[in-house]
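Novice: from the sequence below, what's the structure:
(chains A and B)
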Amino acid sequence: MVYKQSWGDRLFDLLIYLFMFAVFLAMVVPFLHIINYSLSLPAKADGQLLLVPRGFTLDAYKLVFTNESIVHSIFISVARTVTGTALMVFVTSMGAYAITRDDVAGIKFFRKFFVFTLYFSGGIIPVYMLNRALGLTGSFWVYILPGAVSVFNMILIKTYIESLPKELEESARIDGANDMYLFFRIVFPLSMPVLAAVSLFSGIGQWNAFVDTQFYNAMNPELFPLQYVLYNSLQSITSFEMYMQESQQVVVHLTPQSLKLAMTVLTVIPIMIAYPFLQKFFIKGLLIGSIKG
Amino acid sequence: MLHHLYRHKYVYLLLAPAVVFVFLFHYVPLFGWVIAFTRYQPGLSMWDAEWAGLEQFRRFFVESNDYLYLLRNTLVINILIIITNLSLGLIFAVLLNELRSRFFMKLMQTVSFFPFFISWVITYSISYTFLSQSTGVLNSILVHLGFIESGINVLGEAKYAWPLAVGLEAWKSMGYTSIIFIAAITAIPSEQYEAADIDGASRFQKMRLVTIPNLVPTLIVILILNSGWVLSSNFEFFFIFTNPTNWERMQVLDIYIYDFGLKQNNYSYATAVGIVKTVVSLIIIVSINALSKRATGKGIF
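Specialist: Next up is the predicted model:
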């Protein structure tokens, strides 16, 4: 097909490309700037937009990585991301399989029991009181246990399981497999695409979380995840200096801002690494969700 | 019956952990609502608290008029966010569809989707880098070029609170919102475009008369789905961005509940405000659902 372009069409194209260029700048330049600033000498870089580093130096990163609190907080972040995601995937997918089993008495009730919680919540204070009463305050488990079931993910997984061919289950059952075997050896492995998707959502949520630390562990620095350490240092100069005093090296030519941005970049990097997968699976997950809706 | 239960014991076993967790972390807190009707002292047992009837609710609605500015902020910000996100997401999806280069389309999608995954702490760090009054990059550049005398305090002044909330939400989730519309665009039957071609429609006319009308049902469904959440705010955003100088226009119900409850230890009052929020939200969801069932035959539940 031959395109005959009118002037109107060309003008239209021009406007679209201008719009896209503006979006591109708005989405890319902020990240580019913070990465470059964290790699620059603050004296040369202040007050301007950086598209390349100015006065290249890795000192900000050296300082961040020699700080014990920060290194420990990375460990906490990784630990909560891995543990929290693993527990969520197991408990939620087991529940998701169970609620596909309409043939079993009481399952319809439990399906409603789960879905109801999407529309209703006890609210901040009652949840806080419960977690305190359970002794989760001041413990690592407050990051893990309250999120062990995600009803939203459960519905995604359930929808996926229902789309699997029934014949596989039936033939396994004829061979004498019980429900436990059926789930762990057949349904679970076959559900990998959706499980990968929900693992990524949950992993991102765990990595990005910081409010739970503020609520339950604000007095326990040994349980601070990286996001919370960064949040603290952004909030006040004093807590920032506290972090930096621990570091063995003192590098005078750095400013609080360059250190904060080095930490910011450090916090974004895992997301950047996971991003290609996120993009792929998130879109899939979103579409599974919308089929249901 | 017992035989049936026994035969399916493994199904119940698989179900059990999820039921226990959901009951514990989602249903048990509902019993905590009791304290809204008492004068509860943190540290004491819930059951020893003195009964106060509707006193806490009266305090919120009669003795103070905080609910006026709280409802205003919560509703205005949330409605502006929903409208801005949906229109930007729709426009972006429609214009992406007009790009002729697949590479460029993929690139734009990749770039625009990324901010959705970063935390609000990071977003704050970036906002501070660009918008802070004295050292922000944008302010520095504008001052340097002579457009403004001194930096604009976008993060601190109340009058910038709403645009800040709407702008950052849009920045973070435009790419995300557009995905649903992109999926809806691919579902438009190509006959419609062919018919438009035969009628001699220009590209702009096809976009206006074929693509956009086809997206309206999706738009309505998303609007309905979001409507029940107009009183619930993104806690993390408001937690970071509400400060002593902009709270008049930035503070929303959720942050008010947090401030009164966990900061000032007034659990009963904060819980009462939380109940008001939940009940009103539920009324909104149920009525929107009823309306949508009557109008389109479809509801959320």
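Novice: every contact and neighbour count from this point should use C-alpha atoms.
Specialist: Fine.
Novice: what lies in contact with stretch B:46-57?
Specialist: B:35, B:36, B:37, B:38, B:39, B:40, B:41, B:268, B:269, B:272, B:273 (CA atoms under 8 Å, 6 or more residues apart in numbering or on different chains).
Novice: which of the residues you listed has the most neighbours?
Specialist: residue B:268 (29 neighbours; other CA atoms under 10 Å in any protein chain shown).
Novice: ok, that residue - contacts?
Specialist: Counting by CA under 8 Å, 6+ apart, residue B:268 has contacts B:35, B:36, B:37, B:38, B:39, B:40, B:56, B:261.
Novice: now do the same contact list for residue B:38.
Specialist: Neighbour list for residue B:38: B:49, B:50, B:51, B:52, B:53, B:56, B:268 [criterion: CA under 8 Å, 6+ apart].
Novice: what about the first one, how many residues close to it?
Specialist: In other words, residue B:49. Neighbours of residue B:49 under the rule other CA under 10 Å: 17.
Novice: any idea how far residue A:132 is from it?
Specialist: From residue B:49 across to residue A:132, the span is 18 Å (CA to CA, to the nearest Å).
Novice: for the chain, which spans come out with low pLDDT?
Specialist: Since you didn't name a chain, this refers to chain A. Within chain A, the stretches with pLDDT under 70 are A:1-5, A:237-252, A:285-293.
Novice: actually it's chain B I care about, not the one you picked
Specialist: B:297-301.
Novice: where along chain B do the strands fall?
Specialist: According to DSSP state E, chain B carries its strands in the segments B:38-39, B:50-51.
Novice: how about these, which one is nearest residue B:206?
Specialist: Closest to residue B:206 of the strands of chain B is strand B:38-39 (CA to CA; 62.2 Å).
Novice: and the gap between residue A:212 and chain B?
Specialist: 10 Å (CA to the nearest CA, to the nearest Å).
Novice: ok, for that residue, nearest residue in space, not its chain neighbours?
Specialist: In space, and not counting its chain neighbours, residue A:212 is closest to residue A:143: 7.0 Å by CA to CA, 6 or more residues apart in numbering or on different chains.
Novice: residues contacting the one you found?
Specialist: Here residue A:143 is in contact with A:80, A:84, A:206, A:212 (CA under 8 Å, 6+ apart).
Novice: just these: which are in strands?
Specialist: Among these, no member falls in strands (DSSP E).
Novice: and those residues, which two are furthest apart?
Specialist: Pairwise over those, using CA to CA, the maximum falls at A:84 and A:212, 13.4 Å.
Novice: out of the two, which sits in the busier spot?
Specialist: residue A:84 (24 against 14).
Novice: touching, that one and residue A:147? I think so.
Specialist: Yes: between residue A:84 and residue A:147 there is a contact under CA atoms under 8 Å: 7.4 Å.
Novice: just the strands from the stretch 51-200 of chain A, written as ranges.
Specialist: Counting by DSSP state E, counting those that start in this stretch, the stretch 51-200 of chain A has no strands at all.
Novice: quick one: the helices in it?
Specialist: With DSSP state H, counting those that start in this stretch as the criterion, the stretch 51-200 of chain A has helices at A:59-65, A:68-98, A:107-116, A:124-133, A:151-163, A:166-174, A:179-181, A:188-190, A:192-208.
Novice: let's have those in CSV, adding distance to residue A:268.
Specialist: Output for those, formatted as CSV (distance: least, CA to CA, whole Å):
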stretch, distance to residue A:268
helix A:59-65, 14
helix A:68-98, 12
helix A:107-116, 33
helix A:124-133, 28
helix A:151-163, 24
helix A:166-174, 42
helix A:179-181, 40
helix A:188-190, 31
helix A:192-208, 9
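Novice: closest one to residue B:141 among the ones you listed?
Specialist: Using CA to CA and comparing the helices of the stretch 51-200 of chain A, the one that lies nearest residue B:141 is helix A:59-65, at 24.5 Å.
Novice: in contact with residue A:14, which residues?
Specialist: Not one residue lies near residue A:14 by CA under 8 Å, 6+ apart.
Novice: can you tell me the helix or strand for it?
Specialist: Residue A:14 is part of helix A:7-38, with elements assigned from DSSP states H and E.
Novice: tell me which residues of that helix come out buried.
Specialist: For helix A:7-38, the neighbour count (16 or more other CA atoms under 10 Å in any protein chain shown) marks A:13, A:16-17, A:20, A:23-24, A:27, A:30-38 as buried.
Novice: quick revisit: just flag the most distant two among the contacts of residue B:38.
Specialist: B:49 and B:56 (13.5 Å).
Novice: before we move on, the earlier item: looking at the helices of the stretch 51-200 of chain A, which is nearest to residue B:228?
Specialist: Here helix A:107-116 is closest among the helices of the stretch 51-200 of chain A (CA to CA), at 13.9 Å.
Novice: ok, and for the closest one, which residues are buried?
Specialist: Using 16+ other CA under 10 Å as the test for burial, helix A:107-116 gives A:107, A:110, A:111, A:114.
Novice: cool, stretch A:100-107 as well?
Specialist: A:100, A:101, A:104, A:107.
Novice: so which of these reach chain B?
Specialist: Among the buried residues of stretch A:100-107, the ones lying near chain B by CA under 8 Å from any CA of the partner chain are A:101, A:104.
Novice: from the buried residues of stretch A:100-107, which is closest to chain B?
Specialist: For these, the residue nearest chain B by CA to the nearest CA is residue A:104; the value is 6.8 Å.
Novice: so what's that closest one closest to, chain neighbours aside?
Specialist: Nearest one to residue A:104, counting by CA to CA, 6+ apart, is residue B:8 at 6.8 Å.
Novice: can you pull the domain assignment for the chain?
Specialist: Answering for chain A, as no chain was given. By the record's domain assignment, chain A is partitioned as A:7-57, A:60-292 (automatic domain parsing).
Novice: right idea, wrong chain: chain B
Specialist: B:2-51, B:55-296.
Novice: point me to the residue of the stretch 51-200 of chain B nearest chain A.
Specialist: residue B:119 (5.0 Å).
Novice: count the neighbours of that residue for me.
Specialist: There are 23 residues near residue B:119, going by other CA under 10 Å.
Novice: center of chain A - which residue?
Specialist: Against the mean C-alpha coordinate of chain A, by CA atoms, centre = their mean, the closest residue is residue A:204 at 1.0 Å.
Novice: distance of the closest residue to that one other than its chain neighbours from residue A:203?
Specialist: Spatial nearest neighbour of residue A:204, chain neighbours left out: residue B:117 (7.0 Å); criterion: CA to CA, 6+ apart. According to CA to CA, residue B:117 stands 11 Å off from residue A:203.
Novice: residue B:82 now?
Specialist: 26 Å.
Novice: what's the single longest helix in chain B?
Specialist: helix B:66-98 (DSSP state H).
Novice: quick check: angle from that helix to helix A:7-38?
Specialist: Inter-element angle recorded for helix B:66-98 and helix A:7-38: 120 degrees (by axes from the mean of the first three to the mean of the last three CA atoms, to 10 degrees).
Novice: count of neighbours near residue A:159?
Specialist: 19.
Novice: what residues does the stretch 101-250 of chain B have near chain A?
Specialist: So the stretch 101-250 of chain B meets chain A at B:108, B:110-115, B:117-122, B:125-126, B:129-130, B:135-137, B:140-141, B:171, B:179-180, B:183, B:202-204, B:236 (CA under 8 Å from any CA).
Novice: only whichever of the residues you listed are buried, select them in ChimeraX.
Specialist: Buried residues among those (16+ other CA under 10 Å), as a ChimeraX selection:
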select /B:108,111,112,113,114,115,117,118,119,120,121,122,125,126,129,130,135,136,137,140,141,171,179,180,183,203
